[in-house]
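>>> Attaching a predicted model along with its sequence, questions to come.
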Amino acid sequence: MVDLVLDTNVFVAAMRSDGGASRELLRRCLLGRHCALFGNALWLEYEDLMGRDVFGSLTTDGERRQVLAALAKSGRWVNIYYGWRPNLPDEADNHLIELAIAGNAMAVVTHNIRDLAKGELSLGQLRIVTPSQCLEDFP
C-alpha cells in the first residue's frame, strides 16, 4: 500500500466528476489500495470545503460527507512534530509537505504541481504528482 497526501483540490475534482483520475484515486484509497494521510491542517481544509459552493451538482452535501467519513476510516492520521518552513512560495501549502514528510508518504497528489514543486528543500524520495501521474506511477 502506498501512503499519499491528497490535496483538497483532488478531493474536489473527484466529487465534481463521475470519472477521471481524481475519482479513481479516491476510489483506490477507499478500497485500501492506497492510504490517504491526514493531519490537522489538511483535515480542517477538507471540512472547510464542505461549506463552500465548489462541488457542482453531481454529488449532494450528504454524499460528500459520507465519502469524507469513509476516507477518514480508510486513511491514517499523522501527527506533525516539526515544521519545515519557510519552504514553499505559498505558505498555505507548506502543511502538505510537512504531512508527507512526517507520514513518510511516497507522494503529494495535487493539481497544483507548479507551486508545490518550487520548494526550497530537497525532499528525497517524496514526489509531487498529479492524480493521473499517481495512477501511472503507483498502480
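Arrived safely, thanks for sending.
>>> Which of the three states applies to the closest residue in space to Asn9 that isn't next to it in sequence?
Leaving out its chain neighbours, the residue that sits closest to Asn9 by C-beta to C-beta, 6 or more residues apart in numbering is His111, at 4.7 Å. C-beta here means a position set from N, CA and C on the backbone, and glycine is covered the same way. For His111, the assignment made with DSSP: H, G, I helix; E, B strand; the rest coil gives coil.
>>> Tyr46 contacts Leu68, doesn't it?
Yes. Tyr46 is in contact with Leu68 according to C-beta atoms under 8 Å; the separation is 6.0 Å.
>>> what sits in contact with each of those two?
Phe11 (C-beta atoms under 8 Å, 6 or more residues apart in numbering).
>>> Check which helices and strands the biggest helix by length in the chain sits against.
In the chain, with assignment by DSSP state H, the single longest helix is helix 61-74. Judged by 3 or more C-beta pairs under 8 Å, 6 or more residues apart in numbering; DSSP states H and E, helix 61-74 is in contact with helix 8-16, helix 20-30, strand 34-38, helix 40-49.
>>> Out of those, flag the one nearest Ala100.
Smallest distance to Ala100 across the helices and strands packed on helix 61-74 (C-beta to C-beta): 7.2 Å, for strand 34-38.
>>> May I have that closest one as PDB, with CA atoms only?
Provided in PDB are the C-alpha atoms of strand 34-38 (Å, rounded to 0.1, in the frame of the first residue of the first chain):
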ATOM      1  CA  HIS A  34      -3.600   3.400  -1.300                       C
ATOM      2  CA  CYS A  35      -3.600   5.100   2.100                       C
ATOM      3  CA  ALA A  36      -4.500   8.800   2.400                       C
ATOM      4  CA  LEU A  37      -2.700  10.600   5.200                       C
ATOM      5  CA  PHE A  38      -4.300  13.300   7.300                       C
END
